[in-house]
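In: Next comes the sequence, and after it the predicted model I'd like to discuss.
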Amino acid sequence: MQKIEENLLETIAGDDVRTGAYNIRENGKGVERQVTENVKIETKKDKSGIDIYVKENTKFDIVHIPVIITQSGLKDVVYNDFYIGKNANVVIIAGCGIHNDEHNDTQHDGIHRFFLEEGAKVKYYEKHYGEGKGDGKRILNPVTEVELKEGATMEMESIQIKGVDSTIRETKGKVYKNANFVVTEKILTHKDQLAKTIFDVDLEDKGASVKVTSRSVATEHSKQEFVSKVVGNAECFGHVECDAIIKDHAKVISTPEIIANNVDANLIHEAAIGKIAGDQLIKLMTLGLTEKEAEEKIIEGFLK
């Protein structure tokens, strides 16, 4: 790989991307792969993508499946399915980086489905990033679908670093008995960028729970939209929290929907949208920071 490609890889997946099991996709094709005793990766036969199989009782293995694109004008779609065995415990690191120096729009749509067996645990991280000098757009549309069987746990952290011109991010889930789905989202937009997030989670059985935390910063003329729907079909718990900072002429919309189909469903939605507090700015500026530096410091802390 050339320097641009390696830098993209490190930005979205870290410098240990070739540790353990991994599959690296570049410009619409798989270019590097490694499997282990506990993690098998197979190319799909009917469409673009891979199947990842994690053996039951696997403990603390790491799987990397990054995507990088440097070919301007490419529209890439990939379907990745994860089958996590009973009582397995793994970390999965995904994400996509686009480098576009030309005038054509470049797009990646990644559809990831997770099937967790009883007692399985997954920590899933994905980063999205765009760069390049061209005026062609960098478009990323990730879809994550999750099915958690009894006692399973999935923690998902999704981060949009910068440079993504347009994104629609969909997360869907079905959570069964005593299973737990935790989602943390962080998004930064600027210029005329657009970002829409859609959460749709069904809590199907007793003890099922979901917690969604969204932190976003919209600046300049960018626009963000946050849509969430949680359905409680049994004695369950759901908590959705959306906090956003807006600057300049940016716009943020938050649309909650909570549906209780059972008298013991406990569902909560909280949203807060506003500008950076003046007292925070003043406090930092008394320490010698300029107003711009103070704003950057506050935003950095907000998105941590």
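Out: Good, I have the coordinates.
In: Strand partners (parallel or antiparallel) of the host helix or strand of Arg113?
Out: Arg113 belongs to strand 106-116 when assigned by DSSP states H and E. Sheet pairing for strand 106-116, assigned by DSSP bridges, gives strand 75-84 (parallel), strand 138-148 (parallel).
In: other SSEs contacting the helix or strand of the chain with the lowest mean pLDDT?
Out: Ranked by mean pLDDT, DSSP states H and E, the helix or strand of the chain with the weakest confidence is helix 278-285, at a mean of 79. Under the contact criterion of 3 or more C-beta pairs under 8 Å, 6 or more residues apart in numbering; DSSP states H and E, helix 278-285 touches helix 291-302. Heads up, the C-betas are built off the backbone N, CA and C, glycines and all.
In: contacts for the helix it packs on?
Out: 188, 215, 217, 243, 245, 247, 276, 280-281, 284-285, 289 (C-beta atoms under 8 Å, 6 or more residues apart in numbering).
In: Report the distance from that helix to the chain centre.
Out: How far helix 291-302 lies from its chain's middle: 23 Å, per C-alpha atoms, centre = their mean, to the nearest Å.
In: how about low-confidence regions in the chain?
Out: 1 (pLDDT under 70).
In: and it, what are its domains?
Out: 1-142, 165-304 (automatic domain parsing).
In: Let me have the ones you listed in JSON lines, extended by distance to Met154.
Out: Putting the domains of the chain into JSON lines (distance: least, C-beta to C-beta, whole Å) gives the following:
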{"stretch": "domain 1-142", "distance to Met154": "5"}
{"stretch": "domain 165-304", "distance to Met154": "5"}
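In: Can I get those domains in CSV including distance to Ala152 and mean neighbour count?
Out: As requested, the domains of the chain are arranged in CSV below (distance: least, C-beta to C-beta, whole Å; neighbours: other C-beta atoms under 10 Å):
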stretch, distance to Ala152, mean neighbour count
domain 1-142, 4, 18
domain 165-304, 5, 18
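In: Next, the contact list for the nearest residue to Asp61 once chain neighbours are set aside, please.
Out: Spatial nearest neighbour of Asp61, excluding adjacent residues (C-beta to C-beta, 6 or more residues apart in numbering): Val90 at 5.0 Å. Taking C-beta under 8 Å, 6+ apart, we find Val90 in contact with 39, 54, 58, 60-63, 84, 121-123.
In: Ile168 versus Val90, what's the distance?
Out: Val90 sits 27 Å away from Ile168, going by C-beta to C-beta, to the nearest Å.
In: do Val146 as well
Out: From Val146 to Ile168 the distance is 18 Å (C-beta to C-beta).
In: ok so, going back, redo the strands paired with strand 106-116 as a markdown table? Include distance to Ala21.
Out: What follows is those, written out as a markdown table (distance: least, C-beta to C-beta, whole Å):
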| stretch | distance to Ala21 |
| --- | --- |
| strand 75-84 | 12 |
| strand 138-148 | 19 |
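In: any chance you could map the strands in the stretch 101-250 of the chain?
Out: Under the criterion DSSP state E, counting those that start in this stretch, strands of the stretch 101-250 of the chain are mapped to 106-116, 121-131, 138-148, 153-162, 166-175, 180-189, 194-203, 209-218, 223-232, 236-246.
In: Which one, of these, ends up nearest to Ile268?
Out: Of all these, strand 236-246 sits nearest to Ile268, with 4.7 Å by C-beta to C-beta.
In: No further questions, thank you.
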